[in-house]
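Colleague: Can you look at this prediction? I've put the sequence above it.
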Amino acid sequence: MNDDRHHLHWATALDRLELEVILAERRLQDPSRPAPEPWDEPELSGPIPHDLRDRALALRDRQHRVRVEMTALLGTIGRQHDFANRVDRATRATGRSVYLDVTA
């Protein structure tokens, strides 16, 4: 593969990855946003071009921040869910049957 094509493949892969990071960052701000489509790892041959290395490292750092924030958010959601379940169990009716004579 020639150098221009190799560079284009890497740049395109980074573009796709950056878009996914942007969507994840936006979802952190607004969890009601739809989940992104599953991401398929691109097939890239050879090392990343030198001039794209800094961009790739910056994207890696952004991914890490998003992962940390999502992990914290999921932990919060899990704790809220557990609390809601405990409240539900504590306030649930005992389940006794009640009959009402509607013919009277």
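Modeller: That came in fine, so what should we check first?
Colleague: Skip the chain neighbours and tell me the closest residue to the residue nearest the centre of the chain.
Modeller: Nearest to the geometric centre of the chain sits Ala24, at 5.6 Å (CA atoms, centre = their mean). Excluding the flanking residues, the one nearest Ala24 by CB to CB, 6 or more residues apart in numbering is Val66, at 4.7 Å. The way it works is simple: take the backbone N, C-alpha and C, and place the C-beta from them, glycine included.
Colleague: which residues sit in contact with the one you found?
Modeller: 21, 24-25, 28 (CB atoms under 8 Å, 6 or more residues apart in numbering).
Colleague: so where's the protein uncertain?
Modeller: Residues of the chain meeting the criterion pLDDT under 70: 1, 104.
Colleague: re earlier: show the contacting residues for the residue nearest to the centre of the chain.
Modeller: Ala24 is in contact with 36, 63, 66, 70, counting by CB under 8 Å, 6+ apart.
Colleague: Report the separation between Arg96 and Asp3.
Modeller: Arg96 is 78 Å from Asp3, where distance means CB to CB, to the nearest Å.
Colleague: mind listing the helices in the protein by residue range?
Modeller: With DSSP state H as the criterion, the chain has helices at 3-29, 53-91.
Colleague: got the ones you listed as JSON lines, with distance to Thr103 columns?
Modeller: Formatted as JSON lines, the helices of the chain follow (distance: least, CB to CB, whole Å):
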{"stretch": "helix 3-29", "distance to Thr103": "56"}
{"stretch": "helix 53-91", "distance to Thr103": "33"}
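Colleague: For Leu44, which of the ones you listed is the nearest?
Modeller: Ranking those by their distance to Leu44 (criterion: CB to CB) puts helix 3-29 first, at 5.9 Å.
Colleague: Good, wrapping up.
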